[in-house]
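1. Structural data only, the sequence is not supplied:
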């Protein structure tokens, strides 16, 4: 028995209907923790290099971590992994809610799906019983409707699902699965991968218990977190208003991008406008608090919107990323439009960052006269909420210009042969809502992380984006080791199943204590650093095998201040993203030119034999 | 001299909107003035991003009469 794990991984091939289980090995658990640690190891083995992201060889994984489905606070997350149709490389994304814990309680730490079904199907898992079921009757339904229908069909009112909407069925590159009606591993085209496999949903019901080595210690750690939260203004604010509480401050400080990354908050989105898209203003619609599994913070909320142009009987509070992507990035402060866009993304299954950013790109193209008739007569001017909703509706329904825009801004620019100069992407994926000119370390993660364009990959940017200025953030020398240490810690956190926000309100080192208490491993700082570094290299190796070198990864010029803004708090800032990348790769033992991890580092970290063999030959394994 | 203050983010907006400080005071003086009145907000005030007249300021930025200070508590993540 492995403490902290269900102990099994499930593999399903939708081409031939094969369902098989594998025992989770102690070696995998101890050295790769869970989530995308498992995912990178498994996909490297299962998938050949050069696999078509939308073909049968691509594998989509749904993976939990050791804290998932235990009583550990903040341990409610699961991660999806696959090769991305957007970036052409490795992809991981994670989500809260209750789906992850349910999967693990049903008996599986992970589910990996490859192949392509001839007809629409869903996978039904109920306490170790696994079926591939017909989904023809739910194909075309939105994600909330599917959940209702499947609860009825399985006679399981506590059923949890992760499902795609119609955009995923149409293989939209910015589509994603949605679990619990409004939680999403949103980024990188996971919806398209499921759609390409004719896989509408994963439906799970589980009642099992996960063995924990030291339950009393977990309780003790939970108490430490509770005590810290009582003293934390951040915990109070997130717990009261959610992540959107910081939206106005972010827009004005330069943390949030403004006007498709070309504007300045204090000039283009001044304080009265910024306040309107903040959670404190919008929260008058709140009817109920919402927390993910085992979360003492509860940053979510249900809303009822009775006024405005788009009343909504029940919807959810927009997260910061959503409020910024449809708000400051589009210069829109019409809250009813913002709420409607959030709801449409949830029920149809879109990544809200890419959806908002794609519209921001189209807005700038419209304003600059680059796109006109392509947008089906819609006057997509800056801040025009009605036009924003109209365009997004077309994207949801795959109609007219929406069919093109539903594949993201880069695809649309290529399809129309216009607007490439206005793209704000990193290796093809739309940038998230924290600006590297404000937190320059993010330039390294956005551009060079194996999963480009993410704000949850740690590194020095992760502390800079919270406004922390312990060091001169615009001094780019000697950043490598600190950047690697903070990245490795985040790798461990993400793979443990803990939520990113635990780190905002907990004492340092809590994640290692949780892993030790739950699994029984001696998981101190040194082991955490090595493990996080190893997991990073495993993800990185997936891309190396795809033939991707650091020079193949790019970032939009505006995001690094090239040219710099001429006014506002970030006026004159230019980020040296290349130096940040070189520093990091040197510390991580990766050659900046070829992208190859060096042999000494691979051997020192160990458990990366397949990477050693592929890069340096089998003789090096002896 | 009189300094106008606006708050955005985690700090409640019912804090004082004006502060009377001695000539030559810098941002640190203003923050200490606020922390003295609102000790519960010390954590946030100390990590806030400060703009003076819509430009980035540091703790040593000298304030002038009728300057507008924005106190922005930015949070990562979301």
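-> Yep, that arrived. This is a predicted model, so every value here is computed, not measured. Numbers count the residues shown, from 1 in each chain, chains lettered A, B, ... in the order given.
2. can we go C-alpha only for contacts and neighbour counts from here?
-> Noted.
3. Pull out the buried residues from the longest helix seen in chain A.
-> Identified as the longest helix of chain A according to DSSP state H is helix A:525-545. Within helix A:525-545, the residues that count as buried by 16 or more other CA atoms under 10 Å in any protein chain shown are A:528-545.
4. Next to chain A, which bits of chain B? Give me the list.
-> Counting by CA under 8 Å from any CA of the partner chain, the residues of chain B close to chain A are B:8-10, B:41, B:43-44, B:47-49, B:51, B:54-56, B:72-78.
5. What's the ChimeraX syntax to select whichever of those are buried?
-> Restricted to buried positions by 16+ other CA under 10 Å, the ChimeraX selection for the residues of chain B next to chain A reads:
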select /B:8,9,10,41,44,47,48,49,51,54,55,56,72,73,74,75,76,77,78
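6. From the residues of chain B next to chain A, which land in strands?
-> Using DSSP state E, the subset of the residues of chain B next to chain A located in strands is B:8, B:49, B:51, B:55, B:56, B:72.
7. Give me the residue at the spatial middle of chain B.
-> residue B:71 (4.6 Å; CA atoms, centre = their mean).
8. I figured that one was touching residue B:53, is that so?
-> No - using CA atoms under 8 Å, residue B:71 is not in contact with residue B:53, being 11.3 Å away.
9. show me the contacts for the residue nearest to the centre of chain B.
-> Going by CA atoms under 8 Å, 6 or more residues apart in numbering or on different chains, residue B:71 touches B:5, B:6, B:7, B:8, B:45, B:48, B:49, B:50, B:51.
10. For the third one, name its beta-bridge partners.
-> Legend: beta-bridge partners of residue B:7 under DSSP bridges are residue B:71.
11. Let me know whether it touches residue B:70 as I believe.
-> Yes - assessed by CA under 8 Å, residue B:7 is found in contact with residue B:70 at 5.9 Å.
12. Neighbour count for these two, which is higher?
-> Set residue B:7 next to residue B:70 and count neighbours by other CA atoms under 10 Å in any protein chain shown: residue B:70 wins out with 25 against 22.
13. That one: what's it in contact with?
-> Applying CA under 8 Å, 6+ apart, the residues contacting residue B:70 are B:5, B:6, B:7, B:8, B:50, B:51, B:52, B:53, B:54.
14. again, only this time at 7 Å
-> Counting by CA atoms under 7 Å, 6 or more residues apart in numbering or on different chains, residue B:70 makes contact with B:5, B:6, B:7, B:50, B:51, B:52.
15. Residue A:65 too?
-> A:33, A:34, A:35, A:495, A:496, A:497.
16. what do you get if the cut-off is 6 Å, keeping everything else the same?
-> By CA atoms under 6 Å, 6 or more residues apart in numbering or on different chains, the contact list for residue A:65 reads A:34, A:35, A:495, A:496, A:497.
17. what does residue A:290 give?
-> By CA under 6 Å, 6+ apart, the residues touching residue A:290 are A:298, A:300, A:301.
18. quick one: contacts of stretch A:398-407?
-> Contacts for stretch A:398-407 (CA under 6 Å, 6+ apart): A:172, A:173, A:174, A:375, A:394, A:395, A:412.
19. The first one - how many residues pack around it?
-> Going back to what we said before, that points to residue A:172. 30.
20. And the third one, by the same measure?
-> Taking other CA under 10 Å as the neighbour definition, residue A:174 ends up with a count of 31.
21. Now do the same contact list for it.
-> Neighbours of residue A:174 in contact, by CA under 6 Å, 6+ apart: A:189, A:350, A:351, A:407, A:408.
22. what's the burial count for the nearest residue to it once chain neighbours are set aside?
-> Closest residue to residue A:174 apart from its sequence neighbours, by CA to CA, 6 or more residues apart in numbering or on different chains: residue A:189 at 5.0 Å. Residue A:189 has 34 neighbours, counted by other CA under 10 Å.
23. repeat for residue A:22
-> Around residue A:22 there are 12 other residues, counting by other CA under 10 Å.
24. try residue A:371
-> Residue A:371 has 19 neighbours, counted by other CA under 10 Å.
25. doesn't residue A:363 make contact with it?
-> No - with contact defined as CA atoms under 6 Å, residue A:371 does not count as touching residue A:363 (8.7 Å).
26. Backbone dihedrals for residue A:225, please?
-> Dihedral pair for residue A:225: phi -60, psi -40, per degrees, to the nearest 10.
27. separation between it and residue A:175?
-> Using CA to CA, to the nearest Å, we find residue A:225 at a distance of 35 Å from residue A:175.
28. what about those two, which has more around it?
-> Of the pair residue A:225 and residue A:175, residue A:175 is the one with more neighbours under other CA under 10 Å, namely 36 against 19.
29. For the stretch 301-450 of chain A, just list every one of the helices.
-> In the stretch 301-450 of chain A, the segments counted as helices under DSSP state H, counting those that start in this stretch are A:320-326, A:335-348, A:352-367, A:385-397, A:401-405, A:409-416, A:441-448.
30. Tabulate those helices (TSV), appending mean pLDDT.
-> Below are the helices of the stretch 301-450 of chain A laid out as TSV (pLDDT from 0 to 100):
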stretch	mean pLDDT
helix A:320-326	96
helix A:335-348	97
helix A:352-367	98
helix A:385-397	98
helix A:401-405	98
helix A:409-416	98
helix A:441-448	98
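31. need those helices in CSV with mean neighbour count, can you?
-> Compiled in CSV, the helices of the stretch 301-450 of chain A are given as follows (neighbours: other CA atoms under 10 Å in any protein chain shown):
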stretch, mean neighbour count
helix A:320-326, 29
helix A:335-348, 24
helix A:352-367, 27
helix A:385-397, 22
helix A:401-405, 22
helix A:409-416, 19
helix A:441-448, 29
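32. Include distance to residue A:1 when you put those helices into a markdown table, please.
-> Converted to a markdown table, the helices of the stretch 301-450 of chain A look like this (distance: least, CA to CA, whole Å):
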| stretch | distance to residue A:1 |
| --- | --- |
| helix A:320-326 | 40 |
| helix A:335-348 | 38 |
| helix A:352-367 | 40 |
| helix A:385-397 | 46 |
| helix A:401-405 | 49 |
| helix A:409-416 | 47 |
| helix A:441-448 | 37 |
